[in-house]
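1. everything below, folded, please.
(chains A, B, C and D)
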There are 4 protein chains.
Amino acid sequence: MTYQKIAFLADRNDNAQEALKLLEERHPNTPVAEAEVIVALGGDGFMLRTLHRNMNRKIPIYGMNKGTVGFLMNQFRPEDLIQRLERAETTTLHPLRMKALREAGTEQEAIAINEVSLLRQSRQAAKVRIHIDGRVRIDELICDGVMVATAAGSTAYNLSAHGPILPLNAGVLALTPISAFRPRRWRGALLQRAAKVKFEILDYYKRPVSAVADLTEVREVVEVEIEEARDISLRLLFDPEHNLEERILNEQFTP
Amino acid sequence: MTYQKIAFLADRNDNAQEALKLLEERHPNTPVAEAEVIVALGGDGFMLRTLHRNMNRKIPIYGMNKGTVGFLMNQFRPEDLIQRLERAETTTLHPLRMKALREAGTEQEAIAINEVSLLRQSRQAAKVRIHIDGRVRIDELICDGVMVATAAGSTAYNLSAHGPILPLNAGVLALTPISAFRPRRWRGALLQRAAKVKFEILDYYKRPVSAVADLTEVREVVEVEIEEARDISLRLLFDPEHNLEERILNEQFTP
Amino acid sequence: MTYQKIAFLADRNDNAQEALKLLEERHPNTPVAEAEVIVALGGDGFMLRTLHRNMNRKIPIYGMNKGTVGFLMNQFRPEDLIQRLERAETTTLHPLRMKALREAGTEQEAIAINEVSLLRQSRQAAKVRIHIDGRVRIDELICDGVMVATAAGSTAYNLSAHGPILPLNAGVLALTPISAFRPRRWRGALLQRAAKVKFEILDYYKRPVSAVADLTEVREVVEVEIEEARDISLRLLFDPEHNLEERILNEQFTP
Amino acid sequence: MTYQKIAFLADRNDNAQEALKLLEERHPNTPVAEAEVIVALGGDGFMLRTLHRNMNRKIPIYGMNKGTVGFLMNQFRPEDLIQRLERAETTTLHPLRMKALREAGTEQEAIAINEVSLLRQSRQAAKVRIHIDGRVRIDELICDGVMVATAAGSTAYNLSAHGPILPLNAGVLALTPISAFRPRRWRGALLQRAAKVKFEILDYYKRPVSAVADLTEVREVVEVEIEEARDISLRLLFDPEHNLEERILNEQFTP
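-> Numbering: from 1, shown residues only, chains lettered A, B, ... in the order given. Below is the predicted model:
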């Protein structure tokens, strides 16, 4: 596909700003509101923020990374951008939607591209009841926390918590505990992408728990619902030789 | 669906034979060649053998287990069989097809419902090159062995080797090493069900390796190809309240 | 050994209070300050609190549990107490001493029988430098947290965080991370009991971390030193047929 | 300590033979029978074989490795050998003694510096009863195999089988299963170094199992006893800056 109007967005650090300058010398920088494509310059963290901020625009995002190739990024080169965008392959991601009910009765919604995670806020272990598709699957999980991760996010926090890497097109989500105390050594589960997960925080007054959807933290939650947001489609562009599917697959074979 | 002609097959042990007798008092026992459905009486092992032996018949199989409910079985009750068969839900499984090339140059084909696994035959660690879809993913895996498991088989050998339980409809296979020595602590990978896996045995003269597809063992293999046999459909019947998908999901929440 | 003066301490719940009543009918209840032995009535949690409160008294503690046999407890029976105390075997534990330096510059000391653990307080991952015996072993551990556990505590929080169970007399401590993000999948280490561990919290303003020594929580720590308190000896009494060493060993063989 | 009479032993490959030549130009090569110290030139595998062959001589062994520093080896340098030997620190290892009873009734004894391991020989899973200090700890372990590893060997096969790395002076052995099928997901245990382990092979006619003590394989075993050989002391010499204790400790912090 050919893109004419490109919005360049860069992280604040010198590296990214320098890349921005090099690209602006070659291409006009269109305001995001009028652009057909966003080129994001920075690392995975910046890419994640850019995806979140532009979630409602229907335009694709092409990331470039000056340093090592970021997980969601292409390699930086100032040249040939138009051709690279033309050749690029689109990966469509559906993020997770979290609805978190707080102790105060307020509800907060947030979107997660990587994962929605819970963690205890004090020295008291969290107690969480896990419902899947309306059915209680674990009556009381005693733990530091628990998360639902997407395939795209499976190589991040989920992996640290001993969860499995998920191929992008496998159609599964990972449900992964953090330090499961009871059920003793519970390892988590793979869920179909259509699964609706509800975490019910037990004894939340004595055992406060926070919920995090990527960049959004909600403290003192009492109930957290998570499901794939099929209505939101994030389009990422990748050079064909480094598409995301290949990267995640490759990640599984990295020593 | 209504089945008229039932073939009853039973394992040799007393329990299974007694169940057979109870059912034969109530229903005529049709020869397998003329039957519309097979009712298998025994444990998971007998069910697996029955599935293998009747792979080419296009008829479904309903298992009943006298003891604890087997993984692939329904609970035994002599009554109401016709009604239970009518209400039963069908789960269609595609097994794996293994093509194993032996040192002698002969090729052997076998079908695996659970997994195709490799294991070293002597004290010498196995050295295996892993190709996926024609591409080398691990140049030299030094290990006791390695396997590809289906979702249906993921709760069996694969789980023992620290592999993940796979939901039945997730569309993934598990590639799981046994005692990976190099890459150090490699944990395996999830593959799309369409993946073609080839294990190439390195240094096979000094380091003999055997391959096993469920019940079939091939010794001194030099190359093993594995892919889903989309052309073979195994139909298992389950009482709606205990379908296989639910069981595998449930297995993930078992302490 | 023969004990004459027994102090009975009971948890607040009805079960424990009832047990107390039964024992007080048979034995005089000596004030703790004058007692030769403490008999603690309740569960493991009460035992842990009792051990902490009476750490400076040089007298042994014999726990009795009305429900299931607690890990640190003997089975409850109102009869034969004097004989059981006479026959009991002594297990001597050395707890850990934590010195935690807070952002404000204050230092707090606490004792841990089970473990000293760190956990991030916000959505920001913790960054921790790990020194062992004065030498940096991990320059930057990015994680949810990390802990040092004693053998006695190894079956508790440490086990949930995927740490190993330690035999009581092996002379080792477990250093166990919680969700290690970098080094990727770091599994922790076994340390000699004489090891001096220092956790240095990096970037603590942005990434606040709390430290917990059993029951004592210290928030916003910047440095935490941990070593075995060889000067403190806790003496627990066990019926010979259920001594602690045997229990921990047994725990390793529990499915 | 000062050594006058050095026996140089080298692996067959060119690298090792070249190193031998360089050293023989500088030092007389004493026959092993008359030497005070052995200098072994090669990799870890050669070192292991040299240790086994010279187990009954009471002289220490100093290994040098031309390539990367082997685990049991010092760095190769042709110069300063006498001074390095003088400065070297001695690590004393006690190997394991295996007594394996075969189906035929014969008993075979072998020594293992790293581990004694069992593995199934056919497609039939092994069934093993585990006795520790005369007591049955696992009545029936269904598995691919199981091993007992020393601290020195804990970074080798044991690590591949998901066992823990053991500090050299912790006084523990690792009991580690290979693909434990039942007890489901059993993770193994740490044992005191004085522990006497007996593996009893169940159903050995149908389920043949081989035992390996480092380099010695015994097939069709029916019973295998393992304990530390306190009567054998292997003395390894290490440059103070790279002693074995430090290396094993360091290995635990390697990503």
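2. A:E228 versus A:K196, what's the distance?
-> 9 Å (CB to CB, to the nearest Å). C-betas here are computed from N, CA, C, even on glycine.
3. more neighbours: these two, which one.
-> Taking neighbours as other CB atoms under 10 Å in any protein chain shown, A:K196 and A:E228 compare with A:E228 leading, 20 against 13.
4. ok, that one touching A:R193?
-> Yes: between A:E228 and A:R193 there is a contact under CB atoms under 8 Å: 5.4 Å.
5. overlap in contacts of those two?
-> Taking CB atoms under 8 Å, 6 or more residues apart in numbering or on different chains as the criterion, A:E228 and A:R193 both touch A:H94, A:L173.
6. any chance you could map the helices in chain A?
-> A:14-24, A:44-53, A:81-87, A:157-160, A:244-251 (DSSP state H).
7. out of these, the one nearest B:R207 is which?
-> helix A:244-251 (27.0 Å; CB to CB).
8. how far does that closest one sit from its chain's centre?
-> 15 Å (CA atoms, centre = their mean, to the nearest Å).
9. what packs against that helix?
-> If contacts are counted by 3 or more CB pairs under 8 Å, 6 or more residues apart in numbering or on different chains; DSSP states H and E, helix A:244-251 sits against no helix or strand.
10. what lies in contact with that helix?
-> A:71-72, A:91, A:151-152, A:154-155, A:165-169, A:236, A:238, B:132, B:189.
11. tell me the mean pLDDT over it?
-> Averaged across helix A:244-251, the pLDDT comes to 85.
12. give me the neighbour count for A:A156.
-> 20.
13. which residue, neighbours along the chain excluded, lies closest to it?
-> Using CB to CB, 6 or more residues apart in numbering or on different chains and skipping the chain neighbours, the partner closest in space to A:A156 is A:N114 (5.2 Å).
14. count the residues that sit near that neighbour.
-> A:N114, neighbours per other CB under 10 Å, totals 24.
15. I'd like to know which of the contacts of helix A:244-251 are buried.
-> A:71-72, A:91, A:151-152, A:154-155, A:165-168, A:236, A:238, B:132, B:189 (16 or more other CB atoms under 10 Å in any protein chain shown).
16. identify the residue nearest the residue of the stretch 151-255 of chain A found nearest chain D in space, chain neighbours excluded?
-> Minimum separation of the stretch 151-255 of chain A from chain D (CB to the nearest CB) falls at A:R185, amounting to 7.6 Å. Of all residues not flanking A:R185 in the chain, C:L159 sits nearest, at 7.1 Å (CB to CB, 6+ apart).
17. so which of the contacts of helix A:244-251 are in strands?
-> The strands, defined by DSSP state E, take in A:T91, A:L236, A:F238, B:I132, B:A189 from these.
18. now do the third one against A:L72, distance only.
-> This points to A:F238. Distance check for A:F238 against A:L72: by CB to CB, it reads 9 Å.
19. just grab the bridge partners of A:E89 for me.
-> Beta-bridge pairing for A:E89 (DSSP bridges): A:F238.
20. what about it, neighbour count?
-> A:E89, neighbours per other CB under 10 Å, totals 15.
21. isn't it right next to A:R235, touching?
-> No: using CB under 8 Å as the test, A:E89 is too far from A:R235 to be in contact (10.5 Å).
22. all strands of the stretch 1-150 of chain A, in order?
-> For the stretch 1-150 of chain A, the strands defined by DSSP state E, counting those that start in this stretch cover A:6-10, A:37-41, A:61-65, A:74-75, A:89-93, A:96-102, A:107-112, A:115-120, A:126-132, A:135-143, A:145-149.
23. need the winner for burial among those strands.
-> Among the strands of the stretch 1-150 of chain A, judged by mean count of other CB atoms under 10 Å in any protein chain shown, the one packed with the most neighbours on average is strand A:145-149 (a mean of 28).
24. distance between that strand and the chain's centre?
-> On CA atoms, centre = their mean, the centre of strand A:145-149 falls 12 Å from the chain's centre.
25. next: stretch A:73-86.
-> Counting by CA atoms, centre = their mean, stretch A:73-86 comes out at 24 Å from the chain centroid.
26. residues contacting the closest residue to A:Q4 other than its chain neighbours?
-> Spatial nearest neighbour of A:Q4, chain neighbours left out: A:E36 (6.2 Å); criterion: CB to CB, 6+ apart. A:E36 makes contact with A:Y3, A:Q4, A:K5, A:I6, A:T30, A:I59, according to CB under 8 Å, 6+ apart.
27. mind telling me which of the helices of chain A the model trusts least?
-> helix A:244-251 (a mean of 85).
28. what comes up buried for that helix?
-> Of the residues in helix A:244-251, A:L244, A:R247, A:I248, A:L249 count as buried by neighbour count, 16+ other CB under 10 Å.
29. for the residue nearest to A:Q4, give me the pLDDT.
-> 97.
30. next, give me the two most distant ones among the contacts of A:E36.
-> The span of those, defined through CB to CB, is set by A:Q4 and A:I59 at 12.1 Å.
31. looking at those two, which is more packed in?
-> Using other CB under 10 Å as the criterion, A:Q4 and A:I59 rank with A:I59 on top: 15 against 11.
32. list the contacts of that one.
-> A:A35, A:E36, A:V37, A:I38, A:R235.
33. between these, which is closest to chain B?
-> Using CB to the nearest CB, those come closest to chain B at A:R235, 21.4 Å.
34. now the closest one. Nearest residue, chain neighbours left out?
-> Per CB to CB, 6+ apart, closest to A:R235 is A:P60, 3.8 Å.
35. could you check how far the residue of the stretch 151-255 of chain A closest to chain D is from C:V172?
-> Between A:R185 and C:V172 the distance is 21 Å, computed by CB to CB.
36. between those two, which has more neighbouring residues?
-> Between A:R185 and C:V172, counted using other CB under 10 Å, C:V172 has the larger neighbour count: 26 against 14.
37. need the helix or strand of chain A with the lowest average pLDDT.
-> Every helix and strand of chain A was ranked by mean pLDDT, DSSP states H and E. The lowest is helix A:244-251, at a mean of 85.
38. dump it to PDB, restricted to CA.
-> Output in PDB follows, covering the C-alpha atoms of helix A:244-251 (Å, rounded to 0.1, in the frame of the first residue of the first chain):
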ATOM      1  CA  LEU A 244       5.900  -9.900  14.500                       C
ATOM      2  CA  GLU A 245       4.700 -13.500  14.100                       C
ATOM      3  CA  GLU A 246       8.200 -14.500  13.100                       C
ATOM      4  CA  ARG A 247       9.700 -12.600  16.000                       C
ATOM      5  CA  ILE A 248       7.500 -14.200  18.600                       C
ATOM      6  CA  LEU A 249       8.100 -17.600  17.100                       C
ATOM      7  CA  ASN A 250      11.800 -16.800  17.100                       C
ATOM      8  CA  GLU A 251      11.700 -15.700  20.700                       C
END
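39. just the angle between it and strand B:126-132, please?
-> 180 degrees (axes from the mean of the first three to the mean of the last three CA atoms, to 10 degrees).
40. who's in contact with A:T176?
-> A:V146, A:M147, A:V148, A:A149, A:N158, A:A161, A:H162, A:G163, A:G188.
41. near chain D, which residues of the stretch 101-250 of chain A are found?
-> Within the stretch 101-250 of chain A, the positions lying close to chain D (CB under 8 Å from any CB of the partner chain) are A:R185.
42. can you do 10 Å?
-> Proximity of the stretch 101-250 of chain A to chain D (CB under 10 Å from any CB of the partner chain) is limited to residues A:R185, A:R187.
43. can you list the weak-confidence ranges in chain A?
-> A:67-69, A:255 (pLDDT under 70).
44. buried set for stretch A:48-58?
-> A:L48, A:R49, A:T50, A:L51, A:H52, A:N54.
45. now these in CSV, with distance to A:V209?
-> Formatted as CSV, the buried residues of stretch A:48-58 follow (distance: CB to CB, whole Å):
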residue, distance to A:V209
A:L48, 23
A:R49, 25
A:T50, 29
A:L51, 26
A:H52, 23
A:N54, 30
